[in-house]
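Colleague: Need the 3D shape of this:
(chains A and B)
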There are 2 protein chains.
Amino acid sequence: MKIIVDAFGGDNAPLEVLKGSAQAVKELGAQLILTGDKEKILACSQENKIDMTGIEIEDAPLVIPVEEDPMKLLKKYYDSSMGKGFQLLAEGKGDAFVSAGSSGAVVAGACFITKRIKGIKRTAIATVIPNDTGCYLLLDAGANKECRPEVLRQFAVMGSAYMSKLYGIKNPRVGLVNIGTEDSKGTDLQIEANKLLKTTSGINYIGNVEAREIPLGGCDVAVCDGFTGNIVLKLTEGLAKMFSHQLKDMMMASLSTKVAAILLSGGIKEFKRKLDYKEHGGAMLLGARKPVIKAHGSSDAKAFKNAIRQAMNCAKNNVVEEIEAGLKAIQDEE
Amino acid sequence: MKIIVDAFGGDNAPLEVLKGSAQAVKELGAQLILTGDKEKILACSQENKIDMTGIEIEDAPLVIPVEEDPMKLLKKYYDSSMGKGFQLLAEGKGDAFVSAGSSGAVVAGACFITKRIKGIKRTAIATVIPNDTGCYLLLDAGANKECRPEVLRQFAVMGSAYMSKLYGIKNPRVGLVNIGTEDSKGTDLQIEANKLLKTTSGINYIGNVEAREIPLGGCDVAVCDGFTGNIVLKLTEGLAKMFSHQLKDMMMASLSTKVAAILLSGGIKEFKRKLDYKEHGGAMLLGARKPVIKAHGSSDAKAFKNAIRQAMNCAKNNVVEEIEAGLKAIQDEE
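Modeller: Numbers count the residues shown, from 1 in each chain, chains lettered A, B, ... in the order given. From the prediction side, this is the model:
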């Protein structure tokens, strides 16, 4: 199995990508293809004494800027580090692709270079988020700001396949993010999607889920349009940061609270680890014909290593095939 | 100044309403009119030895059930405890109204019995939420699941007036809740609302605000449609609960962490107090001709007392007049 990695995606490229890749080879036994400016990659690895054993390089000197129109990936930046990665993935040179480049460009590359699974209307950014009982999958976290009900239904099928295959959850509880649990709640989108999801085969749909219940373990897969999902994802990030600050202030208030902080240091570390996005690798772009992992823009070596691990797991566990099977099951209902 | 209180709104009515009302009279010098079944109110106060000095009762034997169609408040339940409250408010018998009844019915009563401020298209549920630097106002938190850009603009004006008058914030920073800061981000609603808000007089509009920045103090007034606002409000509640659980688990892990918990007890209390909705009273229904406070359905005596305090503050600080002035300032722009 080979994982393709965009060496020039994210704020800390290429150094942290290279470090994380070397760790993935060493610790996970990964076989990697790095795409990007070969000269720069070699210079960076030599300068920082990074062992490149087990890592091939595919030369692609261009880099698509984050602020660039994502669709430019298909023309001007077709042979950029990211474009090349999607090409290699489409050609079957690798089994999954990892990039920390802009979400928009990753979506464009997955849809139009690697292509979507047959029948998939939209790809979704799926993010695993810690909750009170473990974690849940949120999708769409931002690929499609507006969606139609039948698109949300496909998201439900994809998310369900992902959580059962990758997290070993039997019959994942799929919920529709809404402002109340009653069938009448929400806009036309939620009302129609709720109806559709109730009659969808092969998933364990538990109905509308209020935002309050999501962090408390109310569902395993939270389905929504990308606008709502992005609000949920980023508010969760912001609140986690706020609580960390408040906790720190509490600990630093006096000598006795500082003593308490020492006594709690193990627990606090565990708490922070739980909330750390780096532990979960990256977001998965569900709906592409091959696994595509979108790593966080600010990923460091550890985050890249975990994103590569996630890519390996997706490929190994046949997540794409599971999604295809799920789609087949609802074919007659569409 | 007189505050009207719905004695039969909320899960804990009438007992907690009566207790909270008696506390408000004693501690805040409030003058109150309670609406509801007079016989039941008197029986409850006698049974629980609640001092009813300074509290008038307006007999209204009916109660509108929470699950009832809110519009029934205008017909079948016109003379219910809630309907009566809105009538008294409209007639000028009191200066503000507090109810813990269903949000839908409160919105209906405010709009169609007490009536809206001239020119106001929609009323908004405005909730003060704690953040890392103090608090911010979220509106709409759920009165209107869908909104037009010009409605969001009025929300911005109302929210700005509220935060400057009630929280003494000079030129409150108004942000539009969105999935990115660039002008191109969001659906048509956000794109158009952002344009409108940029040209709105009398408010300090700081542009699109990402959900991540909201709990970190990114704005003083967060404007959005009621669907988005309800997601933000309830996710905040759910995450606060999750973090409390995690904190508790951390503290209970071993003997030494239990010692730490004792050393931190003051800080933890303060932390919980900060996140406690009861401290902030209730949500304000902005846009009605008189101050209307929607208390939390699960309010206890303390929450009712604080909601009455909030009602008194709104009346005393002429929040409604400030909103009218703000509307006048943008009249020519509409």
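Colleague: just the strands in chain A please.
Modeller: Applying DSSP state E to chain A gives strands spanning A:2-6, A:31-36, A:55-59, A:96-99, A:124-131, A:134-139, A:173-178, A:204-210, A:221-223, A:282-286, A:292-295.
Colleague: just checking, what packs against the longest one?
Modeller: Same thing as strand A:124-131. Here strand A:124-131 touches strand A:134-139, helix A:149-166, helix A:226-251, strand A:282-286, going by 3 or more Cβ pairs under 8 Å, 6 or more residues apart in numbering or on different chains; DSSP states H and E. In short, each C-beta sits where N, CA and C put it, glycine included.
Colleague: which residues are contacting the last one?
Modeller: The reference is to strand A:282-286. A:98, A:100, A:106-107, A:110, A:123-127, A:139, A:141, A:143, A:155, A:158-159, A:162, A:291-296, A:299, A:303, A:306-307, A:310, A:314, A:319, A:323 (Cβ atoms under 8 Å, 6 or more residues apart in numbering or on different chains).
Colleague: If we use 7 Å, what do you get?
Modeller: With contact meaning Cβ atoms under 7 Å, 6 or more residues apart in numbering or on different chains, strand A:282-286 is reached by A:98, A:106-107, A:110, A:123-127, A:139, A:141, A:158, A:162, A:291-296, A:307, A:310, A:314, A:323.
Colleague: ok, now stretch A:117-124?
Modeller: In this structure, residues lying in contact with stretch A:117-124 by Cβ under 7 Å, 6+ apart are A:107, A:110-111, A:116, A:139-140, A:143-144, A:147, A:150-151, A:154-155, A:158, A:285-289, A:320, A:323-324, A:327.
Colleague: Which single residue of the stretch 1-150 of chain A ends up nearest chain B?
Modeller: A:D132 (4.5 Å; Cβ to the nearest Cβ).
Colleague: Name the nearest residue to A:G326, ignoring sequence neighbours.
Modeller: In this structure, A:G326 finds its nearest non-sequential neighbour in A:V157, 4.2 Å apart by Cβ to Cβ, 6 or more residues apart in numbering or on different chains.
Colleague: List, one by one, the residues from the stretch 1-150 of chain A near chain B.
Modeller: A:N131, A:D132, A:G142, A:K145, A:E146 (Cβ under 7 Å from any Cβ of the partner chain).
Colleague: quick one, what contacts the residue lying closest to the third one once chain neighbours are set aside?
Modeller: Here the nearest residue to A:G142 in space, its sequence neighbours aside, is A:N230; by Cβ to Cβ, 6+ apart that works out to 4.0 Å. Counting by Cβ under 7 Å, 6+ apart, A:N230 touches A:A141, A:G142, B:I179.
Colleague: Buried among the residues of the stretch 1-150 of chain A next to chain B? Need that as a selection in PyMOL.
Modeller: Here is the PyMOL command that selects the buried residues among those (16 or more other Cβ atoms under 10 Å in any protein chain shown):
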select buried, chain A and resi 131+132+142+145
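Colleague: Let's have the residues of the stretch 1-150 of chain A next to chain B in JSON lines, adding pLDDT and distance to B:G36.
Modeller: As requested, the residues of the stretch 1-150 of chain A next to chain B are exported to JSON lines (pLDDT from 0 to 100; distance: Cβ to Cβ, whole Å):
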{"residue": "A:N131", "pLDDT": "93", "distance to B:G36": "40"}
{"residue": "A:D132", "pLDDT": "92", "distance to B:G36": "38"}
{"residue": "A:G142", "pLDDT": "92", "distance to B:G36": "48"}
{"residue": "A:K145", "pLDDT": "94", "distance to B:G36": "46"}
{"residue": "A:E146", "pLDDT": "94", "distance to B:G36": "45"}
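Colleague: Can you pick out the most distant pair from the residues of the stretch 1-150 of chain A next to chain B?
Modeller: The most widely separated members of the residues of the stretch 1-150 of chain A next to chain B, counting by Cβ to Cβ, are A:D132 and A:E146 (30.5 Å).
Colleague: if I look at the nearest residue to A:K115 once chain neighbours are set aside, how far off is chain B?
Modeller: With sequence-adjacent residues excluded and distances taken as Cβ to Cβ, 6+ apart, A:K115 is closest to A:R289, at 5.2 Å. Counting by Cβ to the nearest Cβ, to the nearest Å, the separation of A:R289 from chain B is 27 Å.
Colleague: and the helices and strands packed on strand A:124-131 as a markdown table, adding mean pLDDT?
Modeller: Below are the helices and strands packed on strand A:124-131 laid out as a markdown table (pLDDT from 0 to 100):
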| stretch | mean pLDDT |
| --- | --- |
| strand A:134-139 | 95 |
| helix A:149-166 | 96 |
| helix A:226-251 | 92 |
| strand A:282-286 | 93 |
